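**Student:** Here's a sequence, model it:
(chains A and B)
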2 protein chains.
Amino acid sequence: MPQIPGYTYGDPALPPSPVSLEELERLKACLLWTEEDDKALEQAGKVLEDQVEEVLDLWYGFVGSHPHLLHYFTDPQGNPIPDYLERVRRRFGQWILDTCFRPKDETWLRYQHEIGLRHHRTKKNQTDGVTSVPHIPLRYLISFIYPITATIKPFLTKKGHNPEEVERMYQAWFKAVVLQVALWSYPYTQPGDF
Amino acid sequence: MPQIPGYTYGDPALPPSPVSLEELERLKACLLWTEEDDKALEQAGKVLEDQVEEVLDLWYGFVGSHPHLLHYFTDPQGNPIPDYLERVRRRFGQWILDTCFRPKDETWLRYQHEIGLRHHRTKKNQTDGVTSVPHIPLRYLISFIYPITATIKPFLTKKGHNPEEVERMYQAWFKAVVLQVALWSYPYTQPGDF
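**Tutor:** Next up, the predicted model:
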């Protein structure tokens, strides 16, 4: 498998997550997360792994059709940066698989923190060495919970699972997306507010 | 209808929302919001209005069974404050109806901002004149998108609508919850990060 540009999951050089495993458990309790969800996510990963490009086509089509979203991939002249879009796309595809297959442990928490930093002005553009808009607002990260969750459902139905199984996978995906956005909000917050 | 304690929807003394109607439209675009959603929310309101107490029983049961959530309703000795719980419950019930029935206009935006401030250390406890934990962390506001969305579905099925209608109401509710949490995050963010 070719290397994914800028993908540093498990890199020990990443800064530690400010969120402890104990706090992660509390967040999972808020989300009504059970072991069933871990299993359902793994099942979702198997359903989605050969559909990743189609999912990304849909999501990129959505972003590309809204100038106020494509904006975050543009250069100072307002033109989209194709190489930046492509590098992020590669990582976004891997993110789908990581959401489903990676154990939710300290290594995972550390990379979630890194993803938050890469959306926030702290690290946006750095990974890809681009000169683009310096920051993605938190309100869009939170709002994206909806499309990233809702649009996945049709893909979950494609492998012949019954409606109950699809629903279980969908709910687990929904929880995993919300959990990650909660973690990504860290760098946006004022001290003590996260 | 008896007055709801601390409920100030439409009060011209409320500070203006930092979010413009134009920005609200952009957020709605992120959420794939259409006029169908406004209609579906209104329909959901009619389905939910005589079930509000049952919904609140469920949500309060959930919060009450998790010490790390009940915590935000406790006094300095760690005891839950019954009057505070009850006052918030009254507003929470009205919030269900407002989510469904209120037009998403400037008055609505203004009250969303007020709700954010009341969760944040800026105004927590003030409305109810209590001495409780000074702040609800943003990570819990975001995480609550899941239970507040997922648990509503069974209530939407109770009035004989077909599965497609229930699904439309459910998706509109999901969008409305995400939209509000995005708006509530404002006071938590560093300048320019929202």
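**Student:** Run through chain A and note the low-pLDDT ranges.
**Tutor:** Scanning chain A with the threshold set as pLDDT under 70 gives A:1-2.
**Student:** Distance from the chain centre to the longest helix along chain A, please.
**Tutor:** Counting by DSSP state H, the longest helix found in chain A is helix A:163-184. A distance of 12 Å separates the C-alpha centroid of helix A:163-184 from that of its chain, computed with C-alpha atoms, centre = their mean, to the nearest Å.
**Student:** Buried ones in it, by neighbour count?
**Tutor:** Applying a neighbour-count criterion of 16 or more other C-beta atoms under 10 Å in any protein chain shown, the buried positions in helix A:163-184 are A:165-166, A:168-184. For the C-beta atoms, the positions are set from N, CA and C on the backbone; glycine is no exception.
**Student:** Near chain B, list only the ones from those residues.
**Tutor:** Among the buried residues of helix A:163-184, the ones lying close to chain B by the criterion of C-beta under 8 Å from any C-beta of the partner chain are A:171, A:174-175, A:178-179, A:181-183.
**Student:** how close does the spatially closest residue to A:Gly78 that is not a sequence neighbour get to A:His120?
**Tutor:** Closest residue to A:Gly78 in three dimensions, ignoring its sequence neighbours and counting by C-beta to C-beta, 6 or more residues apart in numbering or on different chains: A:His71, at 8.0 Å. Remark: distance between A:His71 and A:His120 (C-beta to C-beta, to the nearest Å) = 16 Å.
**Student:** Could I get the full set of helices for chain A?
**Tutor:** Under the criterion DSSP H, helices of chain A are mapped to A:21-30, A:35-48, A:52-64, A:67-70, A:82-101, A:106-119, A:138-143, A:145-150, A:153-156, A:163-184.
**Student:** of those helices, which approaches A:Pro5 most closely?
**Tutor:** Ranking the helices of chain A by distance to A:Pro5, with C-beta to C-beta as the measure, places helix A:82-101 first at 4.5 Å.
**Student:** Off-centre distance for the closest one?
**Tutor:** Here the centre of helix A:82-101 is set off from its chain's centre by 8 Å, with C-alpha atoms, centre = their mean.
**Student:** Output the contacting helices and strands for that helix.
**Tutor:** Counting contacts by 3 or more C-beta pairs under 8 Å, 6 or more residues apart in numbering or on different chains; DSSP states H and E, helix A:82-101 packs against helix A:35-48, helix A:52-64, helix A:106-119, helix A:163-184.
**Student:** Need the residues that contact stretch A:115-127.
**Tutor:** A:6, A:15, A:87, A:95, A:114, A:131-136, A:141, A:180, A:183-188, B:192-193 (C-beta atoms under 8 Å, 6 or more residues apart in numbering or on different chains).
**Student:** For A:Gly64, give me its contacts.
**Tutor:** Listed by C-beta under 8 Å, 6+ apart, the contact partners of A:Gly64 are A:70, A:80.
**Student:** how close does it sit to chain B?
**Tutor:** Distance of A:Gly64 to chain B, given as C-beta to the nearest C-beta, to the nearest Å: 13 Å.
**Student:** still on that earlier bit, report the inter-axis angle for the longest helix of chain A versus helix B:163-184.
**Tutor:** Going by axes from the mean of the first three to the mean of the last three C-alpha atoms, to 10 degrees, helix A:163-184 is angled at 10 degrees with respect to helix B:163-184.
**Student:** Looking at A:His71 and A:His120 now, which is surrounded by more residues?
**Tutor:** Taking neighbours as other C-beta atoms under 10 Å in any protein chain shown, A:His71 and A:His120 compare with A:His120 leading, 22 against 15.
**Student:** what's that one sitting at in phi/psi?
**Tutor:** Backbone dihedrals for A:His120, given as degrees, to the nearest 10, come out at phi -80, psi 160.
**Student:** And it, how far from A:Glu23?
**Tutor:** Taking C-beta to C-beta, one finds A:His120 at 19 Å from A:Glu23.
**Student:** Please apply the same query to A:Ser65.
**Tutor:** Note on A:Ser65: its distance to A:Glu23, by C-beta to C-beta, is 37 Å.
**Student:** cool, A:Asp75 as well?
**Tutor:** From A:Asp75 over to A:Glu23 the distance is 38 Å, taken as C-beta to C-beta.
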